[in-house]
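>>> Next comes the sequence, and after it the predicted model I'd like to discuss.
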Amino acid sequence: MNAPLHPDRDTNTAASAQPRSSAFALCRWTLWIVIPALLVVAALALWNSEWLKVPRALWELSRMPAPTSLPVPVEGVAAPRIADTFGAPRGRDRAHAGVDIFARRGTPVRSAAAGVVVAMRDSGLGGRQVWVVGPARERYYYAHLEGWREGLAEGEVVSEGTVLGYVGDSGNAAGTPPHLHWGIYGGDGAYDPLPLLRAHRATNGGVLPAR
């Protein structure tokens with residue numbers, strides 16, 4: 001004989017299965033929304049963390065346009081005092097790839113723009129030198145330093161006006177009047193930075209605070 005049918009039991013089973021299916025679907029959709037949201041929050045937190053400070057700064061600098069004016073990077077020196085020697089012969093086979101900014105030995109040298117210190121060296125023609133990557137990923141070259149600011153290190157994120165070092169005569173400038181050799185290198189190599197300094201209205205020492 002066939003088992004007796006229980007229509008009430010079948011109806012109750014189907015009715016209870018429907019809420020469970022709805023709850024499962026709601027849970028699944030919630031997870032699809034919550035998990036990506038949590039991943040986005042975690043990614044933003046990581047991107048804004050100290051661990052990624054340098055990559056974040058380099059990315060932001062790459063999105064900035066190249067400056068059209070810059071403060072003189074030697075404290076207290078006005079742009080009209082700087083001679084235009086860019087491109088002048090230097091030795092038999094090279095040209096001057098920057099400008100020389102003369103000042104008393106030990107005068108603070110400040111970053112002309114926001115950037116990241118990518119190299120610190122004590123070698124070659126430039127002697128004690130600092131390379132900073134700035135807006136539009138242009139490279140700023142500070143050379144012939146007497147010394148670096150205490151605590152300065154590669155990977156440091158600097159602001160306009162941050163002290164990098166001090167005027168000196170290291171490298172092939174030994175025995176000459178103390179000065180900063182300063183250059184800017186863009187995508188096509190070095191270009192004359194003096195017009196940018198002349199376009200700036202005030203001297204570095206007058207407008208930039210110590211950092």
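Right, received. Where do you want to start? Numbers count the residues shown, from 1 in each chain.
>>> just for the chain, where's the confidence low?
Counting by pLDDT under 70, the chain contains low-confidence ranges at 1-26, 28-32, 34-35, 37-51, 201-211.
>>> can you give me the helices in it?
7-47, 53-63, 194-199, 204-207 (DSSP state H).
>>> ok, now which ones touch Val158?
Ser111, Ala114, Gly115, Val116, Val117, Val132, Leu164, Arg211 (C-beta atoms under 8 Å, 6 or more residues apart in numbering). C-beta here means a position set from N, CA and C on the backbone, and glycine is covered the same way.
>>> biggest separation within the residues you listed, which pair?
Distance extremes for the contacts of Val158: the farthest pair is Val116 and Arg211 at 14.6 Å, using C-beta to C-beta.
>>> In terms of packing, which of the two has more residues around it?
More crowded of Val116 and Arg211, by other C-beta atoms under 10 Å: Val116, with 21 against 13.
>>> Any idea what that one is bridged to?
Taking DSSP bridges as the rule, Val116 bridges to Val133, Val157.
>>> got it, and the one 4 residues further on?
When bridges are taken as DSSP bridges, the partners of Met120 come out as Val130.
>>> what about Val157, how many neighbours?
16.
>>> my guess is it meets Ala57, correct?
Yes: judged on C-beta atoms under 8 Å, Val157 makes contact with Ala57 at a distance of 4.7 Å.
>>> what touches both of these two?
By C-beta under 8 Å, 6+ apart, the residues touching both Val157 and Ala57 are Gly115, Val116.
>>> With distance to Gly175 added, can I get the contacts of Val158 in CSV?
Below are the contacts of Val158 laid out as CSV (distance: C-beta to C-beta, whole Å):
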residue, distance to Gly175
Ser111, 27
Ala114, 34
Gly115, 31
Val116, 33
Val117, 28
Val132, 27
Leu164, 23
Arg211, 31
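>>> are any of the residues you listed buried, and which?
Buried subset of the contacts of Val158 (neighbour count, 16 or more other C-beta atoms under 10 Å): Ser111, Ala114, Gly115, Val116, Val117, Val132, Leu164.
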